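Chemist: Predicted coordinates and the sequence they were generated for:
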Amino acid sequence: MGTKIYDDTLSEIVESSEGTELDFKSAKVITDVDDRNRSKIAKNLVGFANRSGGLIVFGIDDQSREPEGKEISVHHK
């Protein structure tokens, strides 16, 4: 069902530049669901699907690259 991304991998991703395979979206895009935000998400999904895929990271401000939303914890087994 999805891919697990660990803390160090997420840090590397956030330091990367957005491009044809990586996009950052504010947490507001998924918490304030309206037609405009649905359209933004749909455009990204269609764009990635028409290429070789990609990664959308929600909860990262695409300008400041600062995390938004809730604090997360990593639990190791």
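Modeler: Structure's in. What do you need? Numbering: from 1, shown residues only.
Chemist: Kindly state the pLDDT recorded for the residue nearest the centre of the chain?
Modeler: Nearest to the mean C-alpha position of the chain, by CA atoms, centre = their mean, lies V57 at 1.0 Å. For V57, the pLDDT comes out at 87.
Chemist: for T3, same thing?
Modeler: Reported pLDDT for T3: 67.
Chemist: and if you look at I72?
Modeler: 57.
Chemist: same question, Q63
Modeler: 81.
Chemist: What is the lowest-mean-pLDDT helix or strand in the chain packed up against?
Modeler: Least confident helix or strand, the chain: helix 28-31 with a mean of 79, by mean pLDDT, DSSP states H and E. In terms of contacts (3 or more CB pairs under 8 Å, 6 or more residues apart in numbering; DSSP states H and E), helix 28-31 is packed against helix 35-50. For the C-beta atoms, the positions are set from N, CA and C on the backbone; glycine is no exception.
Chemist: Report the strands that pair with the very next helix or strand once past the helix it packs on, each with its relative direction.
Modeler: For helix 35-50, the following helix or strand on the C-terminal side (DSSP states H and E) is strand 55-58. Each strand paired with strand 55-58, and its direction, by DSSP bridges: strand 22-25 (parallel).
Chemist: Next, the buried residues of the partner strand.
Modeler: Within strand 22-25, the residues scored as buried using 16 or more other CB atoms under 10 Å are 23-25.
Chemist: ok, of these, which one's closest to D61?
Modeler: F24 (7.3 Å; CB to CB).
Chemist: so that closest one makes contact with E18?
Modeler: Yes. Between F24 and E18 there is a contact under CB atoms under 8 Å: 6.1 Å.
Chemist: between the two, what contacts are shared?
Modeler: Both F24 and E18 are contacted by D62, under the criterion CB atoms under 8 Å, 6 or more residues apart in numbering.
Chemist: thinking again about what came up before, got TSV for the buried residues of strand 22-25, with pLDDT and distance to L45 too?
Modeler: TSV is the format used below for the buried residues of strand 22-25 (pLDDT from 0 to 100; distance: CB to CB, whole Å):
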residue	pLDDT	distance to L45
D23	89	10
F24	89	15
K25	87	11
